[in-house]
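S.K.: Got a predicted structure here, sequence first:
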Amino acid sequence: MDFERVVGVEDDAPQPSQAEAAVVAAVASAAHAHGAYLEDVSFRESGGHRLLQIAVDALENEDAPLDLDAVARISESISAALDAADPIGGEAYELEVSTPGLSRPLTHRHHFERSVGRWLTVKTADGVVEGRLNAVGPSQLEVQGELPAKKGVKPKAAEPQTIPFAEIRRAKINVDMSARDAQTEVEEA
């Protein structure tokens with residue numbers, strides 16, 4: 001699986017804190033042992049206490065997301081690894097382990113590869129493109145939108161657009177429960 005960041009590479013994304021880096025070192029193998037990888041690790045202050053949020057995602061079977069039972073097992077392993085390594089130096093915190101969810105920004109090649117067939121919103125310097133992700137190439141995406149249609153008339157597919165990764169400012173799955181997406185779910189089943 002390719003974990004290369006392809007969107008926002010030029011961004012001044014915040015670097016992980018020392019504590020976050022220590023947590024990653026302590027728990028990455030615990031997630032990997034369950035067929036998952038660490039998507040994100042962050043500390044938050046919430047209501048006067050520290051919250052350690054860890055997002056995990058499936059590693060081996062790209063088509064199958066982690067289910068609730070798998071996340072619970074991973075959470076137990078991560079908790080045990082944190083207790084053993086104590087990368088936070090004895091400070092109290094609440095641990096929250098989850099999957100990143102559909103609303104996360106798509107920033108890595110594997111995010112896009114897992115999203116083929118889904119409706120995306122892609123922001124570039126030239127504007128916004130909405131459409132179904134048809135393909136992921138070595139350096140670009142192919143997205144196909146719809147032509148505007150009169151009310152009650154099924155929209156027609158527009159010409160596919162090729163969008164280089166280098167031009168993408170932000171991309172995310174467009175979670176839309178409209179008939180368009182409901183039809184796709186039926187076709188995919």
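M.R.: Now that the structure is in, tell me what you want to look at. Treat the numbers as computed from the prediction; the structure is a model and nothing was measured.

S.K.: contacts for stretch 73-91?
M.R.: 19, 22-23, 25-27, 29-31, 33-34, 36, 50, 52, 54, 56, 66, 95, 97 (CB atoms under 8 Å, 6 or more residues apart in numbering). Yep, even glycine has a C-beta here, placed from its N, CA and C like the rest.

S.K.: pLDDT below threshold where in this protein?
M.R.: 1-16, 60-63, 176-189 (pLDDT under 70).

S.K.: any idea how far residue 147 lies from residue 155?
M.R.: Distance of residue 147 to residue 155, computed by CB to CB, to the nearest Å: 6 Å.

S.K.: These two: who's more crowded?
M.R.: Neighbours were counted for residue 147 and for residue 155 using other CB atoms under 10 Å; residue 155 has more, 12 against 9.

S.K.: Wait, the more buried one touches residue 149, no?
M.R.: Yes - in this structure residue 155 lies within contact range of residue 149 using CB atoms under 8 Å: 4.1 Å.

S.K.: from what I can see residue 158 touches residue 131, true?
M.R.: Yes - between residue 158 and residue 131 there is a contact under CB under 8 Å: 7.2 Å.

S.K.: now the strands for the chain?
M.R.: Per DSSP state E, the chain carries strands over the ranges 36-46, 49-58, 94-98, 119-124, 127-136, 140-144, 161-164, 168-173.

S.K.: circling back to that earlier point, which PyMOL command selects the buried ones in the contacts of stretch 73-91?
M.R.: Here is the PyMOL selection string for the buried members of those, based on 16 or more other CB atoms under 10 Å:
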select buried, resi 19+22+23+26+27+30+31+34+36+52+54+56+66+97
